[in-house]
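[1] Provided below for reference: sequence and predicted model.
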2 protein chains.
Amino acid sequence: MEQIRELLERIVQRVNINLREPLFDAGPYVQGLIPTEQMVKFYAFYGISPQYPLYFHFSRSNLAGSYFLGKCRVSDSILYKSDIRGDELKRKGDIFHFEGFEVPLLEDEIIHIKDSYLIKTLVHNNSHDPECLEEFNIRNTISMHYANIHGSAVEGCFMGPFSTVDLTTLHDCVIGEFVYLQKKELAHHQVPAGTIWISAGEAFDFHFCHDPDILKNYIRFQPGSIPQGIFMDFVEGLKEDFQRIFDVVNLDDFGSVPSSASLSRYAVVKPKTKIKENVLISQRAYIKNSWMGKGANAQENCFIINSRLSGYDVTAHGGKIINAHLDKNVFVGFNSFLRGNDEFQLKIGKNSIIMPHTIIDLAEPVAIDPDSLVWGFIRTQKDVEQNSVPIAEIEAVRGEFNRGRMRFTGNGKLFANAFKHRIDHILEANGAYFDGNNKKGHAQQSQKLSFNIIQPYPEGENKGLYPTIDIRP
Amino acid sequence: MEQIRELLERIVQRVNINLREPLFDAGPYVQGLIPTEQMVKFYAFYGISPQYPLYFHFSRSNLAGSYFLGKCRVSDSILYKSDIRGDELKRKGDIFHFEGFEVPLLEDEIIHIKDSYLIKTLVHNNSHDPECLEEFNIRNTISMHYANIHGSAVEGCFMGPFSTVDLTTLHDCVIGEFVYLQKKELAHHQVPAGTIWISAGEAFDFHFCHDPDILKNYIRFQPGSIPQGIFMDFVEGLKEDFQRIFDVVNLDDFGSVPSSASLSRYAVVKPKTKIKENVLISQRAYIKNSWMGKGANAQENCFIINSRLSGYDVTAHGGKIINAHLDKNVFVGFNSFLRGNDEFQLKIGKNSIIMPHTIIDLAEPVAIDPDSLVWGFIRTQKDVEQNSVPIAEIEAVRGEFNRGRMRFTGNGKLFANAFKHRIDHILEANGAYFDGNNKKGHAQQSQKLSFNIIQPYPEGENKGLYPTIDIRP
């Protein structure tokens, strides 16, 4: 038991050294948060496929319940039930384009996690840090439940539960719960809970902050206890359904999945679900009584219940869609929580963009027009007015545009295009446009994976630590 | 698919080069024997425990369904559902005693398997080759279903189904089906099917050969098909019961196992079985409706059905005991097949030694006296006369002693003592004598193991090959 306690203390110390400015002590948030017995109980696993360059190296770490795909090196860290998905890492020979620079990659990119403690965190995509192309670094960092580290190098940070750092290089920052941050680079900053901040410097800046009094109902986090609120209750309330998929080594196939679609064997699919062509359902996604139309997807930690995704709908990591009807080409951003109820479904028109970290939790029937940009907190049809704008309208903005608690400055056309291009890239990368021959993506390529299972020392001084493991082609 | 075919061809070529004298072609026996799809279907796994030095290295190999415990390096080999158990390997600093030599070990011993194809084979214990103490080598070797390689370095050999090589260094030999060989060293020899040969040079020599016309009912093996006969029918007929234990990652504990006993989570235990103190039940053992008395054990690939082991009974690797009543301190050797039936149990008196590869398959009630040495083939009480001797009688032999098809020469006292010491060592090593504080053995030490699971590339040119995996403390 000794070794793993020392490991945790060492991580806290390193994070705190980074966070001396802003002065922040991560210790009280994590000490005793996950008992060592839990760290011994759940196996870790990694995927093997000819599609991805193979390299894993684990040393002096606990990896309980975590999943790895793509090149990754983990040392002196605790990764608890985290997903470290590197299947879109850059490769040797790729050219990285950045503000006029064209930088060739000398080696395959690798995710390198050191002196960090990640809880139920998703790490995905390739790093957009132009200064360090071959290494996607996560160092001296603590991230809490359901955080997303997406294409972002992170050093010396504390990330609260349900926070997302996207395409950002982050140094020595404290990121509050349910923050969404996409800001190229940020250092020595404390970002308040519930902030959604997308900034491309001069080009545009989108800023919204959830009302703290409302947000605390959904997510709150105090030292000495696990995060609490509706988000946690919702996720924890369904976790029993995941038990079987982790208990069994090789599951039987789910009945009727088209050959062009991909359903992770670590996803939960409950009855009355229909999966159409080119659909991608990732590990730790949960689908129940829902229609997944052609090219729709459900990424990691998504929940889709009693809903219809008409086709080419994207549910980004951690998105939750309950009792909703989505027309075609709807994008639901990271960690968004959309909940109608049995009496009245939430309706979202085609081509709409639901911004990351949006909460729509209905108190009455609500319909959102096609081609809308939606953010914030919505309970009634009236709330929609203060938390959305027609995409055409924001595209026309040059300068300042405010609505409700949202502040926008810059070029609306560039802002909307950035989203549209990204959604299109996600659909393409996930194989939504596969025509039977061309345009293959994850849905077609991830179908055959071997999963290898690793566990720690079961007892003794090293209890909870995994042996040093090195895997190459 | 290409790589694994080339691997098999390369192994056959290397074995055949070794076996040019005696001229033997292993190819027809193994080509197409295990389809590649089977090699992809079953995961391999290795155990982690603070009790054993940790080192595994796997490269350019298929390991389908195989299990590893203790230091092991496997390269350019196919290990199909084999058990490579190195938990009794010698350790750095140990002194190896051999005919007056006292050789200190400079490193921990490691099992090293190269250019070999082992099918459902058990590799166990430490090597008794005084020439190569730190490496237990298996090279250029093919072994068939349920072979045992026990404390034996083996190079350039072909071993038939249900054959055992025990405490022997073997070069360039063809070992027939159901052969048991314990002969220090043997080279360029072809050993006929059904031979039981125990030789300590000048000291003693025990030799028996099963009647080929009888043996073929139990085991026969021709090129182009898997082995056939009663042994295979028996084992294959129960294999469905093993399905669940391999499907589930962490099984719930079997109800009532005393804290001093050990039941492998990869063993099958069926209803109405009673497990007493200090019992050891190893992986791939099968126990049904049986009484396992204090200190009794069932080693790998043992089947114990409708039987009573009164206490301190040893069932060596591959032993099968069906409808039998064993008094205390009975030893049942490797791969022995003891079968009573519902009407009349086989009865074996205390302190008896059933030699390895003995077949007792009852056509009428049979009882074996206490303190007997038993070998050969027994169906009736009359057969016992020609296939056994009181241990006291063989102990008195100096010179020649023949009975039935058995030939003995040498010092009977040394022969019997060798057996008795070994049985005692097995009981001690397995923890049968544990008193609550002292004399711990496998039963007490193997209780907590983590099992890590590894699988091969699922498709592509490397389909069936495992990635290169290196595991250290």
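    Cool, the structure landed. None of the values given here were measured: they were computed from a predicted structure.
[2] Now for A:Ile411, how many residues are close by?
    For the record, residue A:411 is Asn, not Ile. Neighbour count for A:Asn411, taken as other CB atoms under 10 Å in any protein chain shown: 17. In this view, the C-beta of every residue, glycine as well, is placed from N, C-alpha and C.
[3] Is it bridged to anything, and to what?
    Judged by DSSP bridges, the bridge partners of A:Asn411 are A:Arg398.
[4] can you pull the contacts of it?
    Counting by CB atoms under 8 Å, 6 or more residues apart in numbering or on different chains, A:Asn411 touches A:203-204, A:397-398.
[5] Kindly reformat the residues you listed as CSV containing neighbour count and pLDDT.
    Listed next are the contacts of A:Asn411 as CSV, based on neighbours: other CB atoms under 10 Å in any protein chain shown; pLDDT from 0 to 100:
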residue, neighbour count, pLDDT
A:Ala203, 13, 95
A:Phe204, 20, 97
A:Val397, 18, 98
A:Arg398, 11, 97
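[6] Export these to a markdown table and append columns for distance to A:Ser256.
    Listed next are the contacts of A:Asn411 as a markdown table, based on distance: CB to CB, whole Å:
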| residue | distance to A:Ser256 |
| --- | --- |
| A:Ala203 | 46 |
| A:Phe204 | 44 |
| A:Val397 | 46 |
| A:Arg398 | 50 |
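[7] A:Lys294 and A:Ala432: what is the separation?
    A:Lys294 sits 8 Å away from A:Ala432, going by CB to CB, to the nearest Å.
[8] Run through the residues that contact A:Ser82.
    A:65-67, A:118-123.
[9] Tell me the one of those residues nearest B:Gln13?
    Closest approach to B:Gln13 among the contacts of A:Ser82 (CB to CB): A:Tyr67, at 40.3 Å.
[10] To what extent is the nearest residue to that closest one once chain neighbours are set aside buried, counted in neighbours?
    Spatially, and ignoring its direct neighbours in sequence, A:Tyr67 is nearest to A:Asp83 (5.0 Å; CB to CB, 6 or more residues apart in numbering or on different chains). Residues near A:Asp83, counting by other CB under 10 Å, number 25.
[11] Now do the SS call for A:Ala418.
    Put simply, A:Ala418 is helix when judged by DSSP: H, G, I helix; E, B strand; the rest coil.
[12] Quick check: it touching A:Phe206?
    No. The pair A:Ala418 / A:Phe206 is not scored as a contact, 10.2 Å apart, by CB atoms under 8 Å.
[13] Neighbour count: these two, which is higher?
    Neighbours were counted for A:Ala418 and for A:Phe206 using other CB under 10 Å; A:Phe206 has more, 23 against 16.
[14] Neighbour count: A:Lys294 and A:Ala432, which is higher?
    Per other CB under 10 Å, whichever of A:Lys294 and A:Ala432 has more neighbours is A:Ala432, with 26 against 20.
[15] name the element the more buried one belongs to?
    Using DSSP states H and E, A:Ala432 is not contained in any helix or strand.
[16] how about the residue nearest to A:Tyr67, phi and psi?
    Here is the backbone geometry of A:Asp83 (degrees, to the nearest 10): phi -110, psi 110.
[17] Then A:Leu263?
    Taking degrees, to the nearest 10 as the convention, A:Leu263 sits at phi -120, psi 120.
[18] Tally up the residues packed near it, please.
    A:Leu263 has 25 nearby residues by other CB under 10 Å.
[19] Any idea what it is bridged to?
    With DSSP bridges as the rule, A:Leu263 is bridged to A:Ile281.
[20] Any residue of the strand or helix carrying A:Val15 touching chain B?
    For A:Val15, the element it lies in under DSSP H and E is helix A:2-18. No. On the criterion CB under 8 Å from any CB of the partner chain, helix A:2-18 is out of touch with chain B, staying 11.1 Å away.
[21] Chain B contacts on chain A?
    Counting by CB under 8 Å from any CB, chain A sits next to chain B at A:43, A:45, A:48-50, A:54, A:246-250, A:448-462, A:467-473.
[22] Among those, the buried ones, what's the ChimeraX command?
    Per 16 or more other CB atoms under 10 Å in any protein chain shown, the buried members of these correspond to this ChimeraX selection:
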select /A:43,45,48,49,50,54,246,249,448,449,450,451,452,453,454,455,456,457,458,459,462,467,468,469,470,471
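[23] Mind checking which of the residues of chain A next to chain B are in strands?
    Members of the residues of chain A next to chain B lying in strands (criterion: DSSP state E): A:45, A:48, A:450-454, A:468-472.
[24] farthest pair in those?
    A:Ser450 and A:Thr468 (21.4 Å).
[25] I'd guessed the residue nearest to A:Tyr67 sits against A:Glu300; true?
    Yes. Look at A:Asp83 against A:Glu300 with CB under 8 Å: they come within range, at 5.2 Å.
[26] between these two, what contacts are shared?
    Going by CB under 8 Å, 6+ apart, residues that sit against A:Asp83 and also against A:Glu300 are A:122, A:124, A:283-284.
[27] Sort those residues by pLDDT and name the bottom one.
    Ranked by pLDDT, the shared contacts of A:Asp83 and A:Glu300 bottom out at A:Gln283, which has 88.
[28] Could you list the buried residues of stretch A:127-134?
    Residues A:127-129, A:133-134 are the ones in stretch A:127-134 that count as buried (16+ other CB under 10 Å).
[29] where does the stretch 151-300 of chain A dip in pLDDT?
    For the stretch 151-300 of chain A, applying pLDDT under 70 flags the ranges A:249-255.
[30] Helices of that one, start to end?
    Using DSSP state H, counting those that start in this stretch, the helices of the stretch 151-300 of chain A run over A:212-218, A:230-237, A:243-247.
[31] Could you check what's spatially nearest to A:Glu107, not counting adjacent residues?
    Excluding the flanking residues, the one nearest A:Glu107 by CB to CB, 6+ apart is A:Glu134, at 4.8 Å.
[32] what's stretch A:30-44 in contact with?
    Contacts of stretch A:30-44 (CB under 8 Å, 6+ apart): A:1, A:4-5, A:8, A:12, A:62-68, A:78-81, A:117, A:119, A:142, A:224, A:226, A:246, A:453-456, A:458, A:463-464, A:466, B:249-250, B:452-453.
[33] Can you tell me what sits against stretch A:269-277?
    Applying CB under 8 Å, 6+ apart, the set of residues contacting stretch A:269-277 from outside is A:241, A:254, A:256-258, A:260-261, A:263, A:281, A:286-296, A:311, A:434.
[34] and those residues, which of them are in strands?
    Among the contacts of stretch A:269-277, DSSP E puts A:263, A:281, A:286-288, A:291-292 in strands.
[35] mind putting those in CSV, distance to B:Pro212 included?
    Putting those into CSV (distance: CB to CB, whole Å) gives the following:
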residue, distance to B:Pro212
A:Leu263, 55
A:Ile281, 59
A:Tyr286, 62
A:Ile287, 62
A:Lys288, 64
A:Trp291, 67
A:Met292, 64
